[in-house]
Structure formats: structure tokens, C-alpha cells
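Asker: I'd like to go over a predicted model; first the sequence, then the structure.
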Amino acid sequence: MPHRLFHARLEEVVGHGPFKKPVFLRLNQTGNYQARSAWEALEYLELHWPGPRTADYRRAKAMCQAALDGLILPDSARSYLIEAAHRAGILERDWKSNASGTRAVYRAVNQNGAMPEQRAS
């Protein structure tokens with residue numbers, strides 16, 4: 001029994017933990033996307049990636065999946081995501097302001113099926 005408990009906690013920490021810092025990625029002209037975990041990064045890569053599916057893109061996607069599978073730490077996957085986004089010219093440093101001067105960020109649908117969260121300030 002202790003082995004199962006340890007394994008479950010290790011999976012939770014290794015695979016599904018949040019990034020130490022979120023990654024902001026360009027999302028069309030409407031704002032930006034905030035990836036706070038490998039799961040959210042993988043969703044962006046699969047659904048919103050605006051450029052070609054380069055080797056950097058495929059590596060970032062594979063590393064995010066590896067983090068979800070508990071094979072690497074989330075922040076290792078984050079590094080690959082940042083590298084791919086930087087090379088594709090879609091990495092944002094922080095919140096992106098819209099033409100109206102407001103800031104909007106779009107977050108992934110969470111794993112429990114809740115609707116995406118949208119914030120504007």
C-alpha cells in the first residue's frame with residue numbers, strides 16, 4: 001500500500017504539476033494564451049499553434065506529453081516549449097495588451113471539463 005501512495009503522489013508531482021512560471025504565447029490578434037502546465041501547453045500546441053510543425057514544435061509537443069506521462073519534470077517541458085515558441089516568434093514576455101489597451105489572456109479548458117477562463121483588465 002505505501003508503494004501505491006508514493007507512486008500516485010510522484011505522478012501528481014512529476015506529470016501534472018504546474019510550471020514554476022507560466023508561459024505566455026501569442027494567440028491570434030485577440031490576446032495571448034497562458035500555459036501554466038504541460039497539459040495547457042500541449043493543448044496550445046495541438047489547437048492553437050499558428051506556424052509550421054517544425055522539429056522544435058514536435059520536440060516541445062513530445063516533451064509536454066512526456067511530462068504528462070511522468071517521465072520528465074514539468075519545467076523541463078516548459079523549456080522546450082519556450083524554445084519552440086521563441087523560434088516561431090510567438091513567445092510573449094508577459095500579458096499582451098489589445099488595441100483598446102486592455103489585457104486578455106485565454107486559458108485552457110481544465111481537465112475537469114470546465115469552460116476556458118478569459119480575463120480582461
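Answerer: Received the coordinates, thanks. On a predicted model such as this, the values are computed, not experimentally measured, just so you know.
Asker: hang on, residue 66 in a helix?
Answerer: Yes. Following the definition DSSP: H, G, I helix; E, B strand; the rest coil, residue 66 is counted among the residues of a helix.
Asker: isn't it up against residue 72?
Answerer: Yes. Between residue 66 and residue 72 there is a contact under Cβ atoms under 8 Å: 4.8 Å. From N, CA and C alone the C-beta is placed, and that goes for glycine too.
Asker: so the residue nearest to residue 41 when sequence neighbours are not counted bridges to which residues?
Answerer: With Cβ to Cβ, 6 or more residues apart in numbering as the criterion, residue 41 has its nearest non-adjacent residue at 4.1 Å, and that residue is residue 35. Residue 35 forms beta bridges with residue 23, as assigned by DSSP bridges.
Asker: per-residue pLDDT of residue 35, please?
Answerer: At residue 35, the pLDDT value in this model is 95.
Asker: you'd agree it is up against residue 26?
Answerer: No. Using Cβ under 8 Å, residue 35 makes no contact with residue 26, being 11.8 Å away.
Asker: so those two - more neighbours on which side?
Answerer: Between residue 35 and residue 26, residue 35 has the larger neighbour count (other Cβ atoms under 10 Å), namely 27 against 19.
Asker: which residues touch that one?
Answerer: Taking Cβ atoms under 8 Å, 6 or more residues apart in numbering as the criterion, residue 35 is in contact with 19, 22, 23, 24, 25, 41, 43, 44, 81, 108.
Asker: relative to residue 29, how far out is it?
Answerer: Remark: distance between residue 35 and residue 29 (Cβ to Cβ, to the nearest Å) = 19 Å.
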